[in-house]
Structures are given as structure tokens and as C-alpha cells.
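S.K.: Have a look; sequence and predicted model below, questions after that.
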Amino acid sequence: MSTVLKHYITPEEYLLCERKAEFRSEYFRGEMFAMAGASANHNLIVGNCIQTLGQQLKKKPCRVYPSDLKLRIETTGLYTYPDLSVVCGEPQLESDAGDVLLNPVVLVEVLSDSTEAYDRGKKFEHYRTIPSLQHYVMIAQDRHSIDCFTRSSDGSWNLTSCQGLDGKIMLDAVESELVGAEVYDKVVFAN
């Protein structure tokens, strides 16, 4: 029986490759994992959230970043691309290249059939270790459903959910909210 050896990629090699790549990849423990493309609903929801939070945070010391900004989780070494990141105060960036964020306060992921289990499970395990993170929002793209985990003062995470267009999720750490009708504006679900 033959064994196929995996080539270990250093974080530096990953970043060098990723900065030239046409397609995005996550990185964890020496391996790169290609990321799938996004649907029209996924992109519309992300755009709606960027617009909504951008307006609410306009006069505050917070920035909203789309999915092209990589995130590194320092405690676990995962490099990934959240669908949306919010930073308050100065963004901490890994290097002078300015393309790897370290200190998000809010992270948003739009769920798909292929990513939902990962986003709710292993990815959230990584995200929970980010000291600055206060809210982790997961938005369904096939139904009106938003879940938000908020870090308590004791370090535990509490879940708030809303279903429907008139529900809302409060993001107290950035003094803003996500309202179902705004998040799902112009989104049409398949029958």
C-alpha cells in the first residue's frame, strides 16, 4: 500500500499564492481549501448587510468590510474569508499588505447547503477564540432566518434568532441592528 504525502504549506506560502490566485482558498494547518462561488441570493444578502450596517455605522468609529478581506484567527491559525466583517477602532492587520484582519467585532456568514454545517460548527469554534469578537451572525439564504451568537461578559455565547421580515437582530457592541426586511430586500426564494 502506498501513502500519499501531503505537502505542508507555510502561512507565508499560502499568502503569497493567495494574493496571486484567481480563486479564494482558506488555509488551515498547512493545507489550502478552495472556496465555492456564491449564489445570487448570497451576494444580494451580503450587499444588503453591507449597505444597512454601513449606513448605521457611518458616524461611528467602525468599518464594514466585504468578503475580499481575509481574516486570521491567531489562536488556531485559520485563514478564512467571512462574508462580512465589522471592526471598531483601528483595524489590526497582520502585515503591511493590509489584506489580513485580526480584530473583528462582528462577523457575518450567509449560509448555503454546502457551508451551513461548517459555519455553525467548526468555523464557529475558530471564531469563538477571537478576543475582539462580540457577535457572530448567520443568515439563511433559502428562508427568512437570522441567528446571532453574542458573547456575554462571562465569555459564554447566547443565541438570538429571528424568523420573518419583521424580526430583527440587535448588535449591541456596534449599536446597530439587522432587520429581516432590509437583509432580505429583493431576495427571491426558489420554490
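M.R.: Perfect, thanks for sending it.
S.K.: Now the lowest-mean-pLDDT helix or strand in the chain - C-alpha only, PDB.
M.R.: Ranked by mean pLDDT, DSSP states H and E, the helix or strand of the chain with the weakest confidence is strand 31-34, at a mean of 86. Below are the C-alpha coordinates for strand 31-34, written out as PDB (Å, rounded to 0.1, in the frame of the first residue of the first chain):
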ATOM      1  CA  GLU A  31      -3.400  22.900   3.700                       C
ATOM      2  CA  MET A  32      -5.300  25.200   1.300                       C
ATOM      3  CA  PHE A  33      -9.000  24.500   0.800                       C
ATOM      4  CA  ALA A  34     -10.800  26.000  -2.300                       C
END
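S.K.: Report all helices and strands that the helix or strand just after that strand contacts.
M.R.: For strand 31-34, the following helix or strand on the C-terminal side (DSSP states H and E) is helix 40-56. Applying 3 or more C-beta pairs under 8 Å, 6 or more residues apart in numbering; DSSP states H and E, one finds that helix 40-56 makes contact with strand 62-66, strand 84-88, strand 106-111, strand 176-179, helix 180-183. For the C-beta atoms, the positions are set from N, CA and C on the backbone; glycine is no exception.
S.K.: by contact count, what packs against the second one?
M.R.: Contacts defined by 3+ C-beta pairs under 8 Å, 6+ apart place strand 84-88 against helix 40-56, strand 62-66, strand 106-111.
S.K.: What I need now is these written out in TSV, including mean pLDDT, mean neighbour count and distance to I9 for each item.
M.R.: As requested, the helices and strands packed on strand 84-88 are exported to TSV (pLDDT from 0 to 100; neighbours: other C-beta atoms under 10 Å; distance: least, C-beta to C-beta, whole Å):
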stretch	mean pLDDT	mean neighbour count	distance to I9
helix 40-56	96	18	28
strand 62-66	96	18	25
strand 106-111	97	26	24
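S.K.: of the ones you listed, which approaches T75 most closely?
M.R.: strand 106-111 (14.9 Å; C-beta to C-beta).
S.K.: Just want the angle from the closest one to strand 62-66.
M.R.: Inter-element angle recorded for strand 106-111 and strand 62-66: 30 degrees (by axes from the mean of the first three to the mean of the last three C-alpha atoms, to 10 degrees).
S.K.: from the middle of its chain, how far away would strand 106-111 be?
M.R.: Relative to its parent chain, strand 106-111 has a centroid offset of 4 Å by C-alpha atoms, centre = their mean, to the nearest Å.
S.K.: Can you name the residues in contact with the helix or strand just after it?
M.R.: Using DSSP H and E, the next helix or strand after strand 106-111 towards the C-terminus is helix 116-120. When contacts are defined by C-beta atoms under 8 Å, 6 or more residues apart in numbering, helix 116-120 is touched by residues E109, L111, M138.
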